[in-house]
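# Here is my input, please return the structure:
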Amino acid sequence: MTSWAVDSAFAVFAVAAVVTGFLVFRTDSMVRASFWLLASFVNVGLILVLLNARFLGFSVVLMMAGEMSVMAIFMVMLMMNPAGLNPMTMVHQHRASVAAGVTAFLALAGVGIVVDFPDDPARQDPAQVTAELGVEELGDSMLVFQTAGAALLATMIGGIAVTSRRGRYGTADEGSVPPPLDPPDAESAL
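Predicted structure coming up:
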């Protein structure tokens, strides 16, 4: 790709990452917030790919796609608010949150503008660099990641089974109604 095409794509992905990150806090649904966060991370991953950090970029995209999808599934399964889709406040301590966000943005933007980043490509074999980066990124945690993946898969299968046609509180065709909060009196049950 030419330099202007890379710069244009970088600008598009950067703006999209910031806008979708902002929308995480503007939406009123936990499920929608998780998908906006996924969109923000995908844009960051694409920026890394543009910067020739393809392994890191694809790692970010793949890990965040899995993580945010699982998060959305758990929101649908476990939120007291039906399916995590009803309106709710996503930000607490509004003034402190805005101040922290603006401060972090200005600090990171200042670093990006002031610092002279190196532009020399690695002089090693690219395959070796990728292998070393993989070891550095995961290290001794590969077994933990694989075990967590299997556990999350089993949890998703269980969640789907719980929310099947039978439902958690009875058959969906007959109307699934949760049990009353107060148990019936012992005398009236006899």
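
# Distance check, Gln128 against Asp7.
29 Å (C-beta to C-beta, to the nearest Å). To be clear about C-beta, it is placed using only N, CA and C from the backbone, and glycine gets the same treatment.

# Check what pLDDT the nearest residue to Val60 once chain neighbours are set aside gets.
Using C-beta to C-beta, 6 or more residues apart in numbering and skipping residues adjacent in sequence, the residue nearest Val60 is Gly45, 3.8 Å away. According to the prediction, Gly45 has pLDDT 93.

# The one 3 residues further on now?
The predicted local distance difference test score for Leu48 is 91.

# Against Ser59, how distant is it?
9 Å.

# pretty sure the residue nearest to Val60 contacts Val61?
Yes: Gly45 lies in contact with Val61 (C-beta atoms under 8 Å); the separation is 3.8 Å.

# neighbour count winner among the two?
Gly45 (24 against 19; other C-beta atoms under 10 Å).

# what helix or strand does that one sit in?
According to DSSP states H and E, Gly45 maps onto helix 30-50.

# and that helix, what other elements does it pack with?
Judged by 3 or more C-beta pairs under 8 Å, 6 or more residues apart in numbering; DSSP states H and E, helix 30-50 is in contact with helix 3-26, helix 54-78.

# Tell me which of the ones you listed is the most buried.
helix 54-78 (a mean of 17; mean count of other C-beta atoms under 10 Å).

# who touches it?
The contact list for helix 54-78 (C-beta atoms under 8 Å, 6 or more residues apart in numbering) reads 30-31, 34-35, 37-38, 41-42, 44-51, 83-84, 130, 133-134, 137, 152, 155-156, 159, 162-163.

# Which members of these are classed as buried?
30-31, 34-35, 37-38, 41-42, 44-50, 84, 152, 159 (16 or more other C-beta atoms under 10 Å).

# Average pLDDT for stretch 14-32, rounded please.
Averaging pLDDT along stretch 14-32 yields 87.

# Tell me how far that stretch lies from the chain's centre.
Relative to its chain's centre, stretch 14-32 lies at 11 Å (C-alpha atoms, centre = their mean, to the nearest Å).

# Likewise for stretch 139-157?
Using C-alpha atoms, centre = their mean, the offset of stretch 139-157 from its chain centre is 17 Å.

# and that stretch, C-alpha only, in PDB?
This file holds the C-alpha atoms of stretch 139-157, laid out as PDB (Å, rounded to 0.1, in the frame of the first residue of the first chain):
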ATOM      1  CA  GLY A 139       4.800 -17.300  28.300                       C
ATOM      2  CA  ASP A 140       3.900 -20.100  30.800                       C
ATOM      3  CA  SER A 141       0.200 -19.300  30.400                       C
ATOM      4  CA  MET A 142      -0.500 -21.400  27.300                       C
ATOM      5  CA  LEU A 143      -2.100 -24.200  29.400                       C
ATOM      6  CA  VAL A 144      -4.100 -21.700  31.300                       C
ATOM      7  CA  PHE A 145      -5.400 -20.100  28.100                       C
ATOM      8  CA  GLN A 146      -6.300 -23.500  26.700                       C
ATOM      9  CA  THR A 147      -8.000 -24.600  29.900                       C
ATOM     10  CA  ALA A 148      -9.900 -21.400  30.100                       C
ATOM     11  CA  GLY A 149     -11.000 -21.800  26.500                       C
ATOM     12  CA  ALA A 150     -12.400 -25.300  27.200                       C
ATOM     13  CA  ALA A 151     -14.100 -24.000  30.300                       C
ATOM     14  CA  LEU A 152     -15.700 -21.100  28.400                       C
ATOM     15  CA  LEU A 153     -16.900 -23.400  25.700                       C
ATOM     16  CA  ALA A 154     -18.500 -25.700  28.200                       C
ATOM     17  CA  THR A 155     -20.100 -22.700  29.900                       C
ATOM     18  CA  MET A 156     -21.500 -21.400  26.600                       C
ATOM     19  CA  ILE A 157     -23.000 -24.900  25.800                       C
END
